[in-house]
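Peer 1: Mind looking at a prediction? Sequence and model below.
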Protein chains: 2
Amino acid sequence: MTSHRSQRPATIPDVAREAGVSRSTASRALADYGSVSPDARERVHAAAAKLGYRPNQLARSMITGRTHTLGVVVADIQNPFFAGATRGIADAARAAGYQVLLANTDEDLTQERSAVKMLRDKHVDGIIIAPASSSSTAHLVALREARCPLVLLDREVPSLDTDTVTVDNRGAAEDAVRRLLEAGHRRIGMVTLGGSGEERAAQEGRHGGADRREETDRHRAAGRADGGEGPQRGHGPDRRRAEPPAQVSTGVERAEGFRAALHAAGLKDPDTYVRVGVHGQDPAALTTELLRLPQPPTALFTTDSLIALGALSAVQEAGLRVPDDVSLITFDDADWTSVIRPRVSVVAQPVQELGARAVRALVARIEGRSQARSEHIVLDTTFVSRDSVAPPPSR
Amino acid sequence: MTSHRSQRPATIPDVAREAGVSRSTASRALADYGSVSPDARERVHAAAAKLGYRPNQLARSMITGRTHTLGVVVADIQNPFFAGATRGIADAARAAGYQVLLANTDEDLTQERSAVKMLRDKHVDGIIIAPASSSSTAHLVALREARCPLVLLDREVPSLDTDTVTVDNRGAAEDAVRRLLEAGHRRIGMVTLGGSGEERAAQEGRHGGADRREETDRHRAAGRADGGEGPQRGHGPDRRRAEPPAQVSTGVERAEGFRAALHAAGLKDPDTYVRVGVHGQDPAALTTELLRLPQPPTALFTTDSLIALGALSAVQEAGLRVPDDVSLITFDDADWTSVIRPRVSVVAQPVQELGARAVRALVARIEGRSQARSEHIVLDTTFVSRDSVAPPPSR
DNA sequence: GACGAGATTGGGAACGTTCCCAAAAGCATC
DNA sequence: GATGCTTTTGGGAACGTTCCCAATCTCGTC
């Protein structure tokens, strides 16, 4: 086969000519629709094999309006969480007959917007996105208006009516923190990273200097610790920059769960030990800040495995030990958590499954076999109890 | 703008009509080529903005023959090495104005072949691949024959004349092992994973027809695994399953470096402590096998961070400690290697840079600005000395 | 006012497919 | 042999763009 080693790849007209039929008949025989006589069908297939014919998907997409391609927009493929989710997406997409066009945004809204634009221009059949912001969502709204199927992965956007695949972040965080409380901890720290520096600077109203941004972020992060829940609001008029909207829903929800647990235990000022950094910031520094407090936390709750690593190194740097001096629970069951000593107790998310379900929901939407109402899939997390939680040190 | 919220997205004819010019003029004004009067240009741009015109890249690709899309085929996006490389690829591609179509093959040749086929059908401008096999490469050869730009990432295929981006695996491995030797070790184990189970099963001869080709490959690869160095050949006929062919070039080269170091130190039977598993196999089990030997190795060399994790857990399982009982060096500076105690000494590869260089080489090839001869980029590894290497225990 | 050079413009074709529809062929029935 | 039905076939158009080329316009010069 493929004996004719012609320069130009064979097209349907070529195959038709070789088989002695018309374009239409050849097309029907190859795509297997309409009616074709057994004889013609066979000749066409033989000709196609002989010429090494491969259908041009671009041309096909032009006509059918379908590319069989899914756009995937994530913050950071290097984060094991997203690597796992992407893996799940890739596998499920392949199984469903779709390919994956990947964009990495580094939590940067500008990049996210341009990625979405590109994906639209390339006419992907649908998009799976872990949006960098739950507030700046014009590009996502536009997507919906253009009737482009859209599934939100891991993160939610309250104002957007679309399918989502998430976990119960609030509940899982509350459960994890409750375990720390049950171990006897009263001073529990939370370290998380949320939103992009860029967006925050933009929201602050100034956008010029790149380093001023850092500075605002810092205030913001500190401010975030001030709350966001109603009761804590009335700080006075000039604290405006002290009430930053938490950018990604997961961060917000986990913080809510964190607070709820503390609240239920009758602890006040739950945000004393909360540190929210911007993406790219060193979580170790944030942790060190906590550990240097006059009354440092005796337990730490971190919202992903990379942050946990930073926290761990800050703890070591401070000459402290897990779990004797500081207990630790983190979101995400990274590969090292069960090998490192002490093994780290984690809130395990079904990362691949999250991606796979997103694909299934998206494909269902694309292929028109799903109800009008948007679907909100919430998968279970699993608390994996290991050795990083102990009672607080007795002083 | 975009006041006309029409169902069908605007096309060039729409814009032309709105601006009162012809299709051609509109196209020229938008794509900015040929000559267009300032007046016409302005009217066209105004019309485009008003209608919210977005060029259809599919149609454009049909004409230009360029999709501005790069195909990326990797074994496992969840492996931090590939996650990092993919990250580098995604970033560099975006910078160069390309998008990334991702395929995950799980080291499975069948999947790899079909991924390559799909990418060709979608007319990607070029492909970056970390091939699962350095011997079964018909699909890659076909790619070359179709003049599809191709860059090999991380792994080489000797028989294929194309650009490659790698590190000096042999040298880096030799250097690492030499360090173990210098610390006084004489029994050094190597744990690696190579090739896919599927291919091996096929190569063992049981797998139906169509694979006889594969079988010949096996003999070749086996010869290669023996070192290619004459002296070590004669092991006797029945040791065949003790000499699994390392399928991917990195595995082979690292094994070569390993043997070269032992050889230079005057040690014989360098393969006594070499364990090669198939992809998906548990590296901990392989390690345990080594540790249970009557004369177990006092140092371990692993070829990626996931294997190191497995080795580490086997060492712990055996009640041994790093580095007191067993020293460890691994390829790949995963995030946890500097946080875990003891910190693990590693051969760090410039993962993102590897991906970025692959993109640059590929884009240069695509855009025709590279010489005819294929380019072999070899990046430097860095040995990061930490705390996992100590002298062997004195008995 | 005729001429030519250069800018500007618009129509037609092309890319490779699928889809629509009308024509042709096959075949049984009256 | 004409009629009607079904199967098979092929030509034309369409998708939305870019490219080619010839036609027109502008304008300065003799």
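Peer 2: Yes, it's here. Quantities reported herein were computed from a predicted structural model and do not represent experimental measurements. Residues are numbered from 1 along each chain as shown, chains lettered A, B, ... in the order given.
Peer 1: OK, contacts around residue A:26?
Peer 2: A:12-13, A:15-16, A:19, A:44, A:47-48 (CB atoms under 8 Å, 6 or more residues apart in numbering or on different chains). Every C-beta, even on glycine, is put in place using the N, C-alpha and C of the backbone.
Peer 1: Next one: it from residue A:61, what distance?
Peer 2: 19 Å (CB to CB, to the nearest Å).
Peer 1: so who does residue A:323 touch?
Peer 2: Residues near residue A:323 by CB under 8 Å, 6+ apart: A:342, A:387-390.
Peer 1: right, and out of those residues, which lies closest to DNA strand C?
Peer 2: residue A:388 (56.5 Å; CB to the nearest atom of the strand).
Peer 1: Could you give the number of residues near the closest one?
Peer 2: 24 (other CB atoms under 10 Å in any protein chain shown).
Peer 1: any idea how far it is from chain B?
Peer 2: From residue A:388 over to chain B the distance is 13 Å, taken as CB to the nearest CB, to the nearest Å.
Peer 1: tell me the contacts of that residue?
Peer 2: A:322-323, A:327-329, A:342-345.
Peer 1: What is the nearest of those to residue B:87?
Peer 2: Checking these against residue B:87 with CB to CB, the nearest one is residue A:344 at 24.4 Å.
Peer 1: phi, psi of the closest one?
Peer 2: phi -100, psi 130 (degrees, to the nearest 10).
Peer 1: For residue B:345, see how far away the most centrally placed residue in chain A is.
Peer 2: By CA atoms, centre = their mean, chain A has its centre lying nearest to residue A:130, at 3.7 Å. Distance of residue A:130 to residue B:345, computed by CB to CB: 35 Å.
Peer 1: related to what we said a few turns ago, switch the contacts of residue A:26 over to CSV; also include distance to residue A:157.
Peer 2: Output for those, formatted as CSV (distance: CB to CB, whole Å):
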residue, distance to residue A:157
A:12, 44
A:13, 48
A:15, 48
A:16, 49
A:19, 52
A:44, 49
A:47, 51
A:48, 47
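Peer 1: In helices only, show me these.
Peer 2: A:12-13, A:15-16, A:19, A:44, A:47-48 (DSSP state H).
Peer 1: Chain B contacts on the stretch 251-395 of chain A?
Peer 2: A:306, A:309, A:312-313, A:316, A:334-336, A:338-341 (CB under 8 Å from any CB of the partner chain).
Peer 1: Just among those, which is most surrounded?
Peer 2: residue A:334 leads these on contacts (other CB under 10 Å) with 29 neighbours.
Peer 1: And for the residue nearest to it when sequence neighbours are not counted, the neighbour number?
Peer 2: Take residue A:334 and drop its neighbours on the chain: the residue closest to it by CB to CB, 6 or more residues apart in numbering or on different chains is residue A:305, 3.5 Å away. Using other CB under 10 Å, residue A:305 has 23 neighbouring residues.
Peer 1: Pick out whichever of the contacts of residue A:323 sits closest to chain B.
Peer 2: residue A:342 (10.3 Å; CB to the nearest CB).
Peer 1: quick check, nearest of the contacts of residue A:26 to DNA strand D?
Peer 2: residue A:16 (7.4 Å).
Peer 1: and that closest one, how many neighbours does it have?
Peer 2: Neighbour count for residue A:16, taken as other CB under 10 Å: 22.
Peer 1: Verify the stated contact: it with residue A:28.
Peer 2: No. Residue A:16 lies out of contact with residue A:28 (CB atoms under 8 Å); the separation is 10.6 Å.
Peer 1: Confirm residue A:352 sits in a helix?
Peer 2: Yes. Counting by DSSP: H, G, I helix; E, B strand; the rest coil, residue A:352 is found in a helix.
Peer 1: and the nearest residue to it once chain neighbours are set aside, helix, strand or coil?
Peer 2: If the residues on either side of it in the chain are set aside, residue A:352 comes closest to residue A:88, at 3.3 Å by CB to CB, 6+ apart. Following three-state DSSP, residue A:88 is assigned to helix.
Peer 1: so who does residue A:88 touch?
Peer 2: A:351-356, A:358-359.
Peer 1: do residue A:69 as well
Peer 2: For residue A:69, the contacting residues are A:98-101, A:122-125, B:101, B:122, by CB under 8 Å, 6+ apart.
Peer 1: Which one of these is nearest to residue B:257?
Peer 2: Closest approach between the contacts of residue A:69 and residue B:257, by CB to CB: residue B:101, at 34.0 Å.
Peer 1: Specify the beta-bridge partners of the closest one.
Peer 2: residue A:101, residue B:71 (DSSP bridges).
Peer 1: from memory it sits against residue A:98, does it?
Peer 2: No. With contact defined as CB under 8 Å, residue B:101 does not reach residue A:98; the gap is 11.0 Å.
Peer 1: quick one: is the helix or strand in which residue A:42 is found near DNA strand D?
Peer 2: Using DSSP states H and E, residue A:42 falls within helix A:38-51. Yes. Counting by CB under 7 Å from any atom of the strand, DNA strand D is contacted by helix A:38-51 at A:38-40.
Peer 1: measure residue A:253 to DNA strand C for me?
Peer 2: Distance, residue A:253 to DNA strand C, by CB to the nearest atom of the strand, to the nearest Å: 44 Å.
Peer 1: What does the pLDDT read for that residue?
Peer 2: With respect to pLDDT, residue A:253 scores 95.
Peer 1: residues contacting it?
Peer 2: Residues near residue A:253 by CB under 8 Å, 6+ apart: A:169-170, A:173.
Peer 1: any idea which of the residues you listed is the one closest to DNA strand D?
Peer 2: Nearest member of the contacts of residue A:253 to DNA strand D, counting by CB to the nearest atom of the strand, is residue A:169, at 40.8 Å.
Peer 1: Distance check, that closest one against DNA strand C.
Peer 2: According to CB to the nearest atom of the strand, residue A:169 stands 43 Å off from DNA strand C.
Peer 1: Need the three-state assignment for the residue of the stretch 51-200 of chain A found nearest DNA strand D.
Peer 2: Using CB to the nearest atom of the strand, residue A:62 is the residue of the stretch 51-200 of chain A that sits closest to DNA strand D, at 3.6 Å. Following three-state DSSP, the label given to residue A:62 is helix.
Peer 1: So what's the residue count around residue A:37?
Peer 2: 11.
Peer 1: Check residue A:268 too.
Peer 2: Using other CB under 10 Å, residue A:268 is surrounded by 8 other residues.
Peer 1: What residue in chain A is the furthest from its centre?
Peer 2: Outermost residue of chain A (CA atoms, centre = their mean): residue A:20, 52.6 Å.
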